[in-house]
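Asker: model the structure of this input:
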Amino acid sequence: MRRITHALAALALASAALTTAAAGTADAADGSWAGCPYGAVCVYPQNQDPASSPSEVYWSYGAHRLNNQYGNHWVLNNQSGGAHAHLCRGSNGTDCVYDIAAQNGVWYDLGPINSITLDRP
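Answerer: Predicted structure coming up:
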């Protein structure tokens, strides 16, 4: 009986590992990162980790105003080709205070931040 229990436990563990590996492969295949689509910059809800869905997704280059974003947020730059994102105090992409390189993220207090820029490499 003990062997059967161990065999079932091993089978369950192997099945869970394969499911996790398959999910990781699907995530990597489409280029998304923690729910942030490939080519985008994502802001996650206040005090939430990137396992949650992003509350804001930005696709186009240039400045994007932030509205009602206070406290700490994850900001992920899932752009390609060395494109950067900047956190800026000015509402139109001015007075930028933090640079996020492509394929990087930051946990940042967005209270004083009024815009995010997506910049070509």
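
Asker: beta partners for residue 108?
Answerer: Counting by DSSP bridges, residue 108 is bridged to residue 73.

Asker: I'd say it and residue 97 touch.
Answerer: No. Residue 108 sits out of contact with residue 97 when judged by C-beta atoms under 8 Å, with a separation of 9.3 Å. Bear in mind the C-beta positions are built from the backbone N, C-alpha and C, glycine included.

Asker: anything in contact with each of those two?
Answerer: Taking C-beta atoms under 8 Å, 6 or more residues apart in numbering as the criterion, residue 108 and residue 97 both touch residue 87.

Asker: more neighbours: which of those two?
Answerer: Counted by other C-beta atoms under 10 Å, residue 108 and residue 97 do not tie: residue 108 has more neighbours, with 18 against 12.

Asker: mind listing what the more buried one touches?
Answerer: Contacts of residue 108 (C-beta under 8 Å, 6+ apart): 72-73, 75, 87, 98.

Asker: mind putting those into CSV with distance to residue 41, pLDDT and neighbour count?
Answerer: Shown next, in CSV, are those (distance: C-beta to C-beta, whole Å; pLDDT from 0 to 100; neighbours: other C-beta atoms under 10 Å):
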residue, distance to residue 41, pLDDT, neighbour count
72, 17, 97, 13
73, 12, 97, 24
75, 7, 98, 26
87, 10, 98, 22
98, 12, 98, 13
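
Asker: include distance to residue 38 when you put the residues you listed into CSV, please.
Answerer: Listed next are the contacts of residue 108 as CSV, based on distance: C-beta to C-beta, whole Å:
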residue, distance to residue 38
72, 25
73, 20
75, 16
87, 21
98, 22
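
Asker: now for the residue nearest the centre of the chain: which residues touch it?
Answerer: Within the chain, the residue whose C-alpha comes closest to the C-alpha centroid is residue 76; the distance, by C-alpha atoms, centre = their mean, is 3.9 Å. Going by C-beta under 8 Å, 6+ apart, residue 76 touches 33-34, 36, 41-42, 44, 50, 54, 104-105.
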